[in-house]
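Novice: I'd like to go over a predicted model; first the sequence, then the structure.
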Amino acid sequence: MAESRIHSPAGDSAIDHYLALREHTPDDTGVAAALAELSPYMVIAAEQAIGQGDVYEADRLLELLWRMDAGMPALPRLRGTLQALHQARQAEMERAARAPQLTAAPTLAADSKRAAAATPVRVAALPPSVPRAAPDTGVASAPSAPTRTTPVPPPIPRLITDAVPQYPLSALRRGIEGRVRVAFTIEPDGSVSAPRLVSASPAGVFDEAAMAAAKRWRFEPGATAVSTSRVLDFYLPEG
């Protein structure tokens, strides 16, 4: 728990090792008790992965939950929510694939209608390279202000390795939910640096778990560093 390795990394987490132990010693009551104690954490992690749209992580966690207890009451609900997420993703991909076919060039008739409805033609301003002649008033004109361009912020790289924060045991026992916003910088190599707390509700409950998770996020490499933020929601398992 101190290293946030209850269910990750895949294949080398506490859940993976307990499941391997159970295969060798199926009657070990200590292993069974440990898996039962970790079940709420797994349900919370699966709900958070689904809420964040991480279908791959959600699939992995639900597979672990099924191996832990195939009759777990939360499994049908989680599977239904994940199935809906998969269907929404599939529909989105199909719409994106059809989009180029549905986009057609405007017809001549449409062009003529727009031309007829257009506002009266106005004289365009002279290009910046050609100075406009000013009337001679005998008074020197003030220099024009330089044109300012608004810099376009770099795009946010795609998240390729997520890390679901560990639900604090004290908050779990007290039935507390919350939300934390973490600001951070995505370095050109995709790593996260300078994570900092922006807001937390309630204060001081989920801060440490959110910061620990942020340090393990990895993004696609980019040409420059990008500053951004992310909201982490902490929900108790239903049922």
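Specialist: Ah, there it is. Just so you know, these numbers come straight off a predicted model, no measurement behind them. Numbers count the residues shown, from 1 in each chain.

Novice: and the spatially closest residue to Phe219 that is not a sequence neighbour, how many neighbours?
Specialist: In this structure, Phe219 finds its nearest non-sequential neighbour in Pro157, 4.0 Å apart by CB to CB, 6 or more residues apart in numbering. Using the backbone N, CA and C atoms, a C-beta is placed for each residue, glycine as well. Neighbourhood size, Pro157 [other CB atoms under 10 Å]: 18.

Novice: tell me the centre residue of the chain?
Specialist: Gln52 (5.9 Å; CA atoms, centre = their mean).

Novice: what's the spacing between it and Ala58?
Specialist: From Gln52 across to Ala58, the span is 9 Å (CB to CB, to the nearest Å).

Novice: got it, and Thr29?
Specialist: Counting by CB to CB, the gap from Thr29 to Ala58 is 30 Å.

Novice: who's more crowded, those two?
Specialist: Ala58 (25 against 8).

Novice: next one: stretch 191-202 to chain centre, how far?
Specialist: 14 Å (CA atoms, centre = their mean, to the nearest Å).

Novice: Buried ones in it, by neighbour count?
Specialist: Judged by neighbour count using 16 or more other CB atoms under 10 Å, the buried positions of stretch 191-202 are Val192, Pro195, Leu197, Ala200.

Novice: so which strand or helix has Gln48?
Specialist: Take DSSP states H and E as the rule and Gln48 turns out to sit in helix 29-51.

Novice: what's the very next helix or strand once past that helix packed up against?
Specialist: Downstream of helix 29-51, the next assigned helix or strand under DSSP H and E is helix 55-68. Counting by 3 or more CB pairs under 8 Å, 6 or more residues apart in numbering; DSSP states H and E, the packing neighbours recorded for helix 55-68 are helix 14-24, helix 29-51, helix 74-102.

Novice: which one of those is the most hemmed in?
Specialist: For the helices and strands packed on helix 55-68, the largest average neighbour count (mean count of other CB atoms under 10 Å) is found in helix 29-51, namely a mean of 18.

Novice: Packing partners of it?
Specialist: Using 3+ CB pairs under 8 Å, 6+ apart, helix 29-51 sits against helix 14-24, helix 55-68, helix 74-102, helix 169-174, strand 226-234.

Novice: coming back round to it: is it possible to get CSV of the buried residues of stretch 191-202 that adds pLDDT, distance to Ala97 and secondary structure?
Specialist: Below are those laid out as CSV (pLDDT from 0 to 100; distance: CB to CB, whole Å; DSSP: H, G, I helix; E, B strand; the rest coil):
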residue, pLDDT, distance to Ala97, secondary structure
Val192, 95, 33, strand
Pro195, 95, 37, strand
Leu197, 93, 41, strand
Ala200, 91, 41, strand
